[in-house]
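> no sequence for this one, just the structure:
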């Protein structure tokens with residue numbers, strides 16, 4: 001599933017190809033993704049004016065038109081691609097926008113867990129959702145996060161991945177941040193020391209920034225806008241490396257389940 005760095009990478013790619021363009025035509029080739037498209041969807045998009053920009057909130061993409069917003073969640077396998085008029089549709093090309101420059105912006109999603117929804121206001125949509133701060137924002141500081149951890153008896157990895165605590169840190173980057181911080185994912189959050197917490201917050205930010213710079217991690221189906229692949233997976237220390245030697249101490253990497261998610265760690269480096 002695309003995580004925050006992958007979604008940020010797609011956002012940046014989309015801004016290069018859709019900003020200041022109109023959608024002249026909408027064609028829906030698959031009426032049911034995670035949710036059905038409303039009958040008014042196509043008309044609303046073609047009447048929405050120019051796309052001012054594409055923004056991101058957590059793992060959501062937001063196409064900001066002049067008169068409305070289009071919310072997009074990529075699900076597990078969603079991706080956008082820009083194609084010429086001569087392009088022949090491929091399997092899983094579910095929706096296409098013909099842009100005012102005659103190019104075709106196509107949403108492809110093999111597993112159909114992604115979705116698109118027209119919303120009037122971003123704040124109106126998100127105000128009732130209890131979200132923590134964006135991890136790359138100034139609001140995510142170690143002082144406040146430490147106070148939060150002292151109230152949590154759950155495993156530290158679960159706390160990091162809970163959107164109510166911090167927004168958009170998925171499984172890959174939670175595993176990698178904990179490794180760099182020397183904290184085992186099963187450690188109770190309220191047992192994390194103040195010094196460890198300060199390092200953890202720093203590493204969460206660093207890992208995400210590095211992943212964005214590398215274009216994300218190509219795990220299974222992720223592709224950037226335009227179809228290219230990210231390469232941060234070449235820098236992963238623990239994620240997906242079960243039974244392989246730790247690159248720091250040569251201890252065998254372990255994998256356990258925490259709240260149903262695979263959690264990779266080094267038994268020696270992470271205490």
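That came through fine. Here the structure is a predicted model, which is why all the values come from computation and not from measurement. Numbering: from 1, shown residues only.

> this structure: helices as residue ranges?
For the chain, the helices defined by DSSP state H cover 4-18, 41-46, 122-126, 142-149, 156-161, 171-181, 194-213.

> residue contacts, the residue nearest to residue 200 when sequence neighbours are not counted?
In space, and not counting its chain neighbours, residue 200 is closest to residue 181: 4.4 Å by C-beta to C-beta, 6 or more residues apart in numbering. Where C-beta positions appear, they are placed from N, C-alpha and C, glycine not excepted. By C-beta atoms under 8 Å, 6 or more residues apart in numbering, the contact set of residue 181 is 196, 199, 200, 203.

> thinking again about what came up before, closest one to residue 88 among the helices of the chain?
Proximity to residue 88 (C-beta to C-beta) singles out helix 4-18 among those, at 19.9 Å.

> pLDDT of that closest one, averaged?
Helix 4-18 comes out with an average pLDDT of 90.

> how about that helix: buried residues?
Within helix 4-18, the residues that count as buried by 16 or more other C-beta atoms under 10 Å are 4-11, 13-15, 17-18.

> now do that helix: distance to the chain's middle.
In this view, helix 4-18 has its centroid 11 Å away from the chain centroid, taken as C-alpha atoms, centre = their mean, to the nearest Å.

> again with stretch 120-136
15 Å.

> hmm, who's touching that stretch?
By C-beta under 8 Å, 6+ apart, stretch 120-136 touches 4, 57-58, 62, 68-69, 71, 119, 139-140, 162-169, 204-205, 208-209.

> report the buried residues of that stretch.
Quick answer for stretch 120-136 (16+ other C-beta under 10 Å): 125, 126, 132, 133, 134, 135, 136.

> what does the residue lying closest to residue 85 once chain neighbours are set aside show for phi and psi?
Counting by C-beta to C-beta, 6+ apart, residue 102 is the residue found nearest to residue 85 once chain neighbours are left out, at 6.0 Å. Residue 102 adopts backbone torsions of phi 80, psi 0, taken as degrees, to the nearest 10.

> model confidence for residue 102, exactly?
96.

> mind checking how far it is from residue 96?
13 Å (C-beta to C-beta, to the nearest Å).

> next: residue 186.
The separation that residue 186 has from residue 96, given C-beta to C-beta, amounts to 46 Å.

> swap in residue 60?
Residue 60 sits at a distance of 21 Å from residue 96 (criterion: C-beta to C-beta).

> show me which of these two is the more surrounded one.
More crowded of residue 60 and residue 96, by other C-beta atoms under 10 Å: residue 96, with 21 against 18.

> excluding its backbone neighbours, what's nearest that one?
Closest to residue 96 by C-beta to C-beta, 6+ apart is residue 106, at 4.5 Å.

> tell me the contacts of that neighbour?
Residue 106 touches 80, 81, 82, 83, 87, 89, 93, 95, 96, 97, counting by C-beta under 8 Å, 6+ apart.

> can you select the buried ones from the contacts of stretch 120-136 in PyMOL?
Command for PyMOL that selects the buried part of these, burial taken from 16+ other C-beta under 10 Å:
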select buried, resi 4+57+58+62+68+69+71+140+162+165+166+167+168+169+204+208
